[in-house]
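S.K.: only geometry, no sequence info:
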């Protein structure tokens, strides 16, 4: 039953500290409790309150017996002095004065029990000590739970805000700076959805332990929730020191983390905010760091950004965009446009379209996805938006099939859609509802999406292929796909990213790179389509290297389905 100062079980003898000005009291207590502790019992004695701190610091205590008989004039100060010296040590107040009011006062002010000295006996004192230890242990555990994250054991938001407030006060006295770093795991939602919450939790615990080890003892790391972590870094002399911390955090987070039987490499986005003067408030500093982190995410993630006033303006604009996009979904302001895709095998001929999203804003007119798709991904609006695009494309595909039986439509699947439970069933239901042929719908997935969760992605793509859908890897060349992984994927097409097409005919060597991709695709028995074709020179070089298809402004810009109807009718005539 013996415990250390923090109430944890231990094998050493129990140590009771009696705070009493009577030197004979310790001997009486020791005799009263003789033999009741299997591990042994030591009764120490402190005659003055000033001795308590040294006793607890040097030796610790299982329980403190505080005799307040000599402190009737200032009982509150005496009890608080002992509590401050040993905040995790249970306290039993002893007094010569009877009365329920005195006992209530002692317990309300932090004591675990109140006993009258004249009623003490072996059984009562032993029972009181054991109960006090258990009560204190429960109090400590509840206090820890209230201030710490249950998954990682890190401080939570409440404790972080408290420590940040203390740090800000201290920085004003010492003329040093305080920084808050806000860290978020890039695309964690996809990892959580595709591998399960247990795997996501394992990743967070491993990441938290790794990052905490690299901090100084004076710094604080907290988990605010989900995959969001904050860091309080004190005693800084310049923003450069905060940037160095961010660089170390980013590097350490990027090392492979063990999940289950394998390893996963992640990237993180970090926002940095320095307290900007004596009026800095904890919530504001955290909010500024959060704003800077979102700026890092919008720029592709795997980076850090330093907060400035322009960041706050961008954050305000982003919040307005989020609200407007939510209303756009509700008000059906989104439209599907189609860009022609042509075959380069033989004569150039129209073989299909890519479905591209547009936002018909009531004041600004048509807005391209470049302005709002990242917001849709972050907020989850990409899921209803993605379903809308798929359903619209399937309806148009079935209508156009009558005049052009071989016509195909390509639709991009976002990382969130690919990881969304029930995707296969929803696609099958949509095909059944529209009567479209799944073989005429090509689902495009970016190379970087596949890298985030390769094993689940392969399973989903195989299921889609079995349903009859055509599959393509979009933006090929922007990720790091290995040949072995490409061989596993049940895809039909590689789409070369437009950045490789832009300099065709202008920079030597670009044709060789594109030609290598074409050869790789053909070796894997895949068709290869080039994106972003705008000039005849680019088209000529794509033909020279044997590219199978192309799309871009050279063949037509994205247009409404009404214009596609007219185009198909004209070509049929």
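M.R.: Received it, and whenever you're ready, just let me know what you need. These numbers come from a predicted model, not from an experiment.

S.K.: And stretch 275-290, what's buried?
M.R.: Buried residues in stretch 275-290, counted by 16 or more other C-beta atoms under 10 Å: 275, 280, 282, 285-290. C-beta: built from backbone N, CA, C; applies to glycine.

S.K.: contacts for the helix or strand where residue 284 lies?
M.R.: Following DSSP states H and E, one finds residue 284 within helix 282-298. Residues outside helix 282-298 that contact it (C-beta atoms under 8 Å, 6 or more residues apart in numbering): 160-161, 164-165, 168, 178, 180-184, 186, 230, 269-273, 275, 303-307, 311-312, 314-315, 318, 374, 378.

S.K.: of those residues, buried ones?
M.R.: Here, 16+ other C-beta under 10 Å leaves 160-161, 164, 168, 178, 180-184, 186, 230, 269-273, 275, 303-307, 311, 314-315, 318, 374, 378 buried among those.

S.K.: Can you tell me how far the residue nearest in space to the middle of the chain is from residue 518?
M.R.: Per C-alpha atoms, centre = their mean, the C-alpha nearest to the average position across the chain is that of residue 227, at 2.1 Å. Plainly put, residue 227 is 39 Å away from residue 518 if you go by C-beta to C-beta, to the nearest Å.

S.K.: can you give me the strands in the stretch 351-500 of the chain?
M.R.: 365-367, 408-412, 441-446, 470-476, 493-496 (DSSP state E, counting those that start in this stretch).

S.K.: possible to save these as CSV with mean pLDDT, mean neighbour count and distance to residue 326?
M.R.: Below are those laid out as CSV (pLDDT from 0 to 100; neighbours: other C-beta atoms under 10 Å; distance: least, C-beta to C-beta, whole Å):
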stretch, mean pLDDT, mean neighbour count, distance to residue 326
strand 365-367, 91, 13, 15
strand 408-412, 94, 23, 21
strand 441-446, 92, 24, 25
strand 470-476, 90, 22, 26
strand 493-496, 93, 25, 31
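
S.K.: Next, format these as TSV and append distance to residue 395.
M.R.: Output for these, formatted as TSV (distance: least, C-beta to C-beta, whole Å):
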stretch	distance to residue 395
strand 365-367	21
strand 408-412	10
strand 441-446	11
strand 470-476	18
strand 493-496	23
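
S.K.: nearest to residue 91, of those?
M.R.: strand 441-446 (62.3 Å; C-beta to C-beta).

S.K.: Other residues contacting that closest one?
M.R.: 352, 354, 393-394, 397, 408-413, 415, 418, 431, 457, 461, 464, 469-475, 478-479, 492-493, 495.

S.K.: same thing with stretch 505-521?
M.R.: In contact with stretch 505-521 (C-beta under 8 Å, 6+ apart) are residues 476-477, 483, 486, 494, 496, 500-501, 503-504, 527-528, 530, 535, 537-538, 540-542, 544-548.

S.K.: Report the buried members of these.
M.R.: 476-477, 486, 494, 496, 500-501, 504, 527-528, 530, 535, 538, 541-542, 545, 547-548.

S.K.: about what we covered before: quick one, which of the strands of the stretch 351-500 of the chain is nearest to residue 30?
M.R.: Here strand 441-446 is closest among the strands of the stretch 351-500 of the chain (C-beta to C-beta), at 75.0 Å.

S.K.: Could I get the full set of helices for the stretch 151-300 of the chain?
M.R.: 157-174, 188-195, 197-213, 239-253, 282-298 (DSSP state H, counting those that start in this stretch).

S.K.: Can you mark which positions in the longest one are buried?
M.R.: Pointing back at helix 157-174 there. 157, 159-161, 163-164, 167-168, 171.

S.K.: Now the two most distant members of those residues.
M.R.: Applying C-beta to C-beta across these, the maximum distance is between 157 and 171, 20.4 Å.

S.K.: Residue 114 in helix, strand or coil?
M.R.: strand (DSSP: H, G, I helix; E, B strand; the rest coil).

S.K.: neighbours around it, how many?
M.R.: Neighbour count for residue 114, taken as other C-beta atoms under 10 Å: 20.

S.K.: Verify the stated contact: it with residue 93.
M.R.: Yes - Residue 114 is in contact with residue 93 according to C-beta atoms under 8 Å; the separation is 4.8 Å.

S.K.: Between its first and last residues, what's the separation in stretch 547-554?
M.R.: Terminal residues of stretch 547-554 are spaced 16 Å apart (C-alpha to C-alpha, to the nearest Å).

S.K.: List the buried residues for it?
M.R.: Buried-residue list, stretch 547-554, by 16+ other C-beta under 10 Å: 547-552, 554.

S.K.: just stretch 368-375 next, same as before
M.R.: 372-375.

S.K.: Dump these into a markdown table; add pLDDT as well.
M.R.: Output for the buried residues of stretch 368-375, formatted as a markdown table (pLDDT from 0 to 100):
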| residue | pLDDT |
| --- | --- |
| 372 | 90 |
| 373 | 90 |
| 374 | 85 |
| 375 | 87 |
